[in-house]
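**Student:** Show me how the following folds:
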Amino acid sequence: MAMISIFSHTAAEFAEAHTILHGKGKLHALQLYRQFMKKGIWEESDPMFKNAGHLFEKISNSTDRELLSVSSLLEEGDTVKLILSTPDGFLIESVVIPMQHGKTLCVSSQVGCRMGCTFCETGRMGLLRNLEPSEIVRQVYHAHIHLGHAINNIVFMGMGEPFDNYDSVMKAIDILTDQNGLAFGMGNITVSTSGKLEAVYRLAEDQARGINLAISLNAVQSDLRSKLMPHNRKEGLDAIYKAIFNYNQKKNREVLVGYVLMKGINDSLEHAQSLVEFLQGLRIKVNLIPYNPQRNDRFKRPEEIAIERFSNHLQAAGLKVLYRKTKGTSIMAACGQLGGKKQPSDLSKEN
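**Tutor:** Just a heads-up that it's a prediction; the model follows:
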């Protein structure tokens, strides 16, 4: 019998698929979807199954609701790093981060990444494969429902470039925001890109998905940004500015601009002033992220006084600045640290 993955479908799609497969049971499948996705319950206790036990059995036997297996679970205070293993042996990392107004889950969209950013652990892996929508949704379900972390916000800032896997990410967002399921608000989801601008324009035209956009900038000197982020050679700073401006206009929303501070590289007051000048005319908020230690470090974290000086300069110039205390560094769960575990391709090279 064909198996229908509950994590690959919205409620309406799931109910329709079972109706086609069994010839009936649309409302029954919809009720089971609601119970499972909202509460983790799969049982025939609802009154509609009183005289339809056969339908419960049929829908149950044709529904794949298996979670990904847990490779490891690491904790630093309230920060939790969840490493899940796919059936083909790849490892997916996601992080539960305690925030002032609830918990945020940082999810992955790929195993590895092909963008090659030099300050990112994931970038050293290369791209091993894209994640399916169900694998993205399973990360959220595992943390939110199975482990009971009561996630408020979802950020696509884990392993991978989300816009390099655009269709799967958007499908996952549709499932995550289904009101008959996990029911996250569009405004509680943020997708971050290193500068895949075709996808930025595509999202700007998508009025149905009112999600938040973040763009990783990190330098506004073209040569420096190209060294830090090789993709800049293809889609440079002028193009990024135009894409952000277009997004502001089309969506009437501000964009979160990520800036990883690296000691002696991009953290001087001159760099801060260049950033101020570059961002003029845009509706943005700057997210300052001090560099986090990795394997074979090429960079260093600035001293706190340098971070404060940089932040104060931006704020004095009228920019909105977000700077939070780093969490999860000891378990390699902070920004830029994901992807340190060996994958099947690494192990095969050693044998």
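**Student:** Check the gap between the closest residue to Lys227 other than its chain neighbours and Glu66 for me.
**Tutor:** Counting by Cβ to Cβ, 6 or more residues apart in numbering, the nearest residue to Lys227 once its immediate chain neighbours are dropped is Thr118, at 7.0 Å. Glycine gets a C-beta too; all of them are placed from N, C-alpha and C. Relative to Glu66, Thr118 is positioned 37 Å away (criterion: Cβ to Cβ, to the nearest Å).
**Student:** Ok, Met115 next?
**Tutor:** The spacing between Met115 and Glu66, counted by Cβ to Cβ, is 31 Å.
**Student:** Please identify which of these two sits among more neighbours.
**Tutor:** When neighbours are counted by other Cβ atoms under 10 Å, Met115 and Glu66 differ, and Met115 comes out ahead with 23 against 13.
**Student:** show me where the chain has helices.
**Tutor:** Here the chain has its helices, by DSSP state H, at 11-22, 26-39, 53-61, 133-141, 166-176, 197-204, 222-228, 237-251, 269-278, 304-316, 344-350.
**Student:** could those helices be laid out in TSV, adding mean neighbour count, mean pLDDT and distance to Leu74?
**Tutor:** Converted to TSV, the helices of the chain look like this (neighbours: other Cβ atoms under 10 Å; pLDDT from 0 to 100; distance: least, Cβ to Cβ, whole Å):
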stretch	mean neighbour count	mean pLDDT	distance to Leu74
helix 11-22	18	96	33
helix 26-39	20	96	26
helix 53-61	16	91	34
helix 133-141	25	98	15
helix 166-176	21	98	24
helix 197-204	18	97	31
helix 222-228	16	98	28
helix 237-251	17	97	34
helix 269-278	16	98	34
helix 304-316	15	97	26
helix 344-350	10	48	19
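**Student:** residue contacts, Ala15?
**Tutor:** Taking Cβ atoms under 8 Å, 6 or more residues apart in numbering as the criterion, Ala15 is in contact with 26-27, 29-30, 33.
**Student:** meant to ask about Ala316
**Tutor:** Shown here is Ala316, which makes no contacts under the criterion Cβ under 8 Å, 6+ apart.
**Student:** How about Leu279?
**Tutor:** With Cβ under 8 Å, 6+ apart, Leu279 has these contacts: 257, 286, 319.
**Student:** And for the second one, the neighbour number?
**Tutor:** The reference is to Val286. Val286 is surrounded by 23 other residues when neighbours are defined as other Cβ under 10 Å.
**Student:** Give me the below-cutoff pLDDT ranges for the stretch 1-150 of the chain.
**Tutor:** Low-confidence segments of the stretch 1-150 of the chain, defined by pLDDT under 70: 1.
**Student:** where do the strands sit along it?
**Tutor:** Secondary structure of the stretch 1-150 of the chain, counting by DSSP state E, counting those that start in this stretch: strands at 4-5, 63-64, 69-76, 79-85, 91-99, 102-106, 110-113, 126-130.
**Student:** Packing partners of the longest one?
**Tutor:** Contact here means 3 or more Cβ pairs under 8 Å, 6 or more residues apart in numbering; DSSP states H and E; on that basis strand 91-99 packs against strand 79-85, strand 102-106, helix 133-141, strand 151-156.
**Student:** Mind doing that once more with 6 Å?
**Tutor:** Strand 91-99 makes packing contacts with strand 79-85, strand 102-106 when contacts are defined by 3 or more Cβ pairs under 6 Å, 6 or more residues apart in numbering; DSSP states H and E.
**Student:** can you list contacts of it?
**Tutor:** Contacts of strand 91-99 with the rest of the structure, by Cβ atoms under 6 Å, 6 or more residues apart in numbering, involve 71, 78-85, 103-108, 139, 143, 149, 158-159, 333, 338, 341.
**Student:** Strand 126-130 and that strand, what's the angle between them?
**Tutor:** Between strand 91-99 and strand 126-130, the angle formed by their directions is 90 degrees, by axes from the mean of the first three to the mean of the last three Cα atoms, to 10 degrees.
**Student:** Show me which residues of strand 91-99 are buried.
**Tutor:** Buried positions in strand 91-99, judged by neighbour count with 16 or more other Cβ atoms under 10 Å: 91-97.
**Student:** Stretch 204-222 now?
**Tutor:** Of the residues in stretch 204-222, those buried under the neighbour-count criterion (16+ other Cβ under 10 Å) are 204, 211-221.
**Student:** again, but for stretch 64-75
**Tutor:** Quick answer for stretch 64-75 (16+ other Cβ under 10 Å): 65, 68, 71, 74.
**Student:** The residue nearest to Lys227 - how many residues pack around it?
**Tutor:** When neighbours are counted by other Cβ under 10 Å, Thr118 comes out with 15.
**Student:** before we move on, what about Ala333?
**Tutor:** 27.
**Student:** Surely His22 touches Ile59?
**Tutor:** No: in this structure, His22 sits apart from Ile59 without contact. The criterion is Cβ atoms under 6 Å, and the distance is 7.2 Å.
**Student:** bridging residues for the nearest residue to Asn153 once chain neighbours are set aside?
**Tutor:** The spatial neighbour of Asn153 that comes closest, neighbours along the chain excluded (Cβ to Cβ, 6+ apart), is Thr104 at 4.4 Å. Listed by DSSP bridges, the beta-bridge partners for Thr104 are Ile97, Asn153.
**Student:** Thanks a lot, see you next time.
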